[in-house]
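Novice: quick one, fold the following:
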Amino acid sequence: MKRLVLYIYTMFVALTAMACPSNDEVKLVQDWDKTFPKSEKVNHKKVTFKTQYGLTLAADLYIPKNAEGKLPAIAVSGPFGAVKEQSSGLYAQTMAERGFITIAFDPSFTGESSGEPRRTASPDINTEDFLAAVDYLSMRDDVDAGRIAIIGICGWGGIALNAAAQDPRIKATAAITMYDLSRGSGNGYFDANDSEESRYSARKAWAEARTADLKNKTFTMAGGVVDPLPKDAPQFVKDYYAYYKTPRGYHKRSGNSNDGWRTTGCQAYANTRFLYYINEIRSAVLIVHGEKAHSRYFGESAFRYMMDGKAEGYDFVRKPNPVPANKQLLIIPGASHCDLYDGGGKGMIPWDNIEEFLKKNLK
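Specialist: Reported below is the predicted structural model:
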């Protein structure tokens with residue numbers, strides 16, 4: 001039972017990155033080591049900035065070539081456990097081709113960003129990561145600080161909504177193929193483990209693993225995307241494998257592609273509900289999900305709660321959104337969860353819709 005609980009939790013949160021320097025130092029790889037081709041339409045360089053927790057985040061900055069004046073800007077992160085050289089970098093580069101100044105950043109404790117111990121996640125620290133990215137963009141001379149948006153992919157879609165609920169400087173948000181990490185971690189997929197007994201079993205297993213780590217003076221790893229792939233693996237696990245474990249999306253610093261989170265690194269998400277105030281988001285929000293995504297219910301429920309103040313999977317009931325007209329849910333026909341990471345080789349990412357929505361709401 002303990003092994004099953006840990007396995008389910010591991011597959012849900014899906015990991016983070018490999019070893020990195022201390023909080024005060026980051027070493028940035030200057031070679032192009034992305035999972036996508038470099039665009040000749042934008043200028044690129046590595047940058048760093050600090051969070052209010054004192055952590056240094058590493059990011060890729062993309063600027064349209066021949067850009068003039070102050071431009072609208074976008075901060076991008078995700079999927080949860082990936083690195084900026086994967087999906088978030090593709091989104092950032094593509095949106096820069098379309099006229100935005102963008103950054104794709106590694107969250108705290110992951111990739112090239114600082115933070116010890118590695119492969120750790122927290123709702124408050126991760127939300128601050130987005131806010132710090134907004135700080136960085138707002139201080140740039142080439143950015144119009146009144147036109148800043150964020151894009152969150154997978155688990156970072158939910159984190160993006162949480163950040164938008166907190167920070168009115170964020171004028172538009174796109175949540176792509178999103179997870180509600182706190183709901184999923186606490187309730188299991190499709191709320192199948194939404195009981196005190198199930199949560200107690202999970203807490204007991206995590207507590208025992210934490211004590212074992214202390215005794216052994218090491219951090220055990222929960223493992224990345226399962227490898228080798230079992231023949232009876234669910235389709236969504238096959239989809240993760242096809243992205244993270246093949247040349248399509250593999251990256252050496254991506255926890256999802258390698259050995260994942262610390263076993264005891266993400267409990268905070270299971271013990272919190274962090275989208276409580278998204279029904280009060282006044283800025284523009286676009287939620288994009290695939291028709292065939294196993295995670296589709298996360299996005300649809302979050303959208304309904306954001307609009308109506310109540311939805312399946314949310315125990316709390318609040319008032320309807322005060323500014324509903326600038327909210328949109330877009331379902332992509334035939335798309336799976338991972339198809340929206342990189343298009344799935346089928347052109348599944350609705351670039352034109354995302355561009356139109358952001359430009360409309362960043363005027």
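
Novice: going forward, measure contacts and count neighbours with C-alpha atoms only.
Specialist: Noted.

Novice: so where do the helices sit in the stretch 251-363 of the chain?
Specialist: Counting by DSSP state H, counting those that start in this stretch, one finds helices in the stretch 251-363 of the chain at the ranges 267-270, 296-308, 339-342, 351-361.

Novice: any chance you could list what contacts the third one?
Specialist: Which is helix 339-342. Helix 339-342 is contacted from outside by 79, 87, 90, 153, 176-177, 289-290, 345-346, 348-349, using Cα atoms under 8 Å, 6 or more residues apart in numbering.

Novice: now for those residues: which two are most distant?
Specialist: Farthest-apart pair in those is 79 and 346; separation 19.2 Å (Cα to Cα).

Novice: the two: who's more crowded?
Specialist: residue 79 (27 against 11; other Cα atoms under 10 Å).

Novice: any idea which element that one lies in?
Specialist: Following DSSP states H and E, there is no helix or strand that holds residue 79.

Novice: please enumerate the helices of the stretch 101-250 of the chain.
Specialist: 123-138, 155-166, 181-187, 196-216, 235-244.

Novice: ok, back up a step: so which of the contacts of helix 339-342 is the closest to residue 271?
Specialist: residue 79 (20.9 Å).

Novice: pretty sure the closest one sits against residue 88.
Specialist: Yes. In terms of Cα atoms under 8 Å, residue 79 counts as a neighbour of residue 88; the distance is 7.2 Å.

Novice: between the two, which contacts overlap?
Specialist: residue 153.

Novice: give me the outermost residue of the chain relative to its centroid.
Specialist: Taking Cα atoms, centre = their mean, the residue of the chain most remote from its mean C-alpha position is residue 215, at 32.6 Å.

Novice: just the ones in strands from the contacts of helix 339-342, please.
Specialist: 153, 176, 289-290 (DSSP state E).

Novice: so for stretch 178-197, what's the average pLDDT?
Specialist: The average pLDDT for stretch 178-197 rounds to 95.

Novice: first-to-last residue distance for that stretch?
Specialist: 27 Å (Cα to Cα, to the nearest Å).

Novice: chain center to it: distance?
Specialist: Chain-centre distance of stretch 178-197: 17 Å, with Cα atoms, centre = their mean, to the nearest Å.

Novice: what residues does that stretch touch?
Specialist: Taking Cα under 8 Å, 6+ apart as the rule, stretch 178-197 contacts 8-9, 12-13, 152-159, 199, 269-274, 287-289, 295-299, 302, 313.

Novice: list just the nearest of the contacts of helix 339-342 to residue 144.
Specialist: Looking across these and measuring by Cα to Cα, the closest to residue 144 is residue 90, at 22.5 Å.

Novice: just flag whichever of the helices of the stretch 251-363 of the chain has the lowest average confidence.
Specialist: Averaging pLDDT over each of these puts helix 267-270 lowest, since it has a mean of 90.

Novice: quick one: list the elements packing against that helix.
Specialist: With contacts taken as 3 or more Cα pairs under 8 Å, 6 or more residues apart in numbering; DSSP states H and E, helix 267-270 sits against helix 181-187.

Novice: in stretch 307-327, what counts as buried?
Specialist: Neighbour-count burial for stretch 307-327 flags 307-311, 313, 320-321, 324, 327 (criterion: 16 or more other Cα atoms under 10 Å).

Novice: right, I'll call it a day here.
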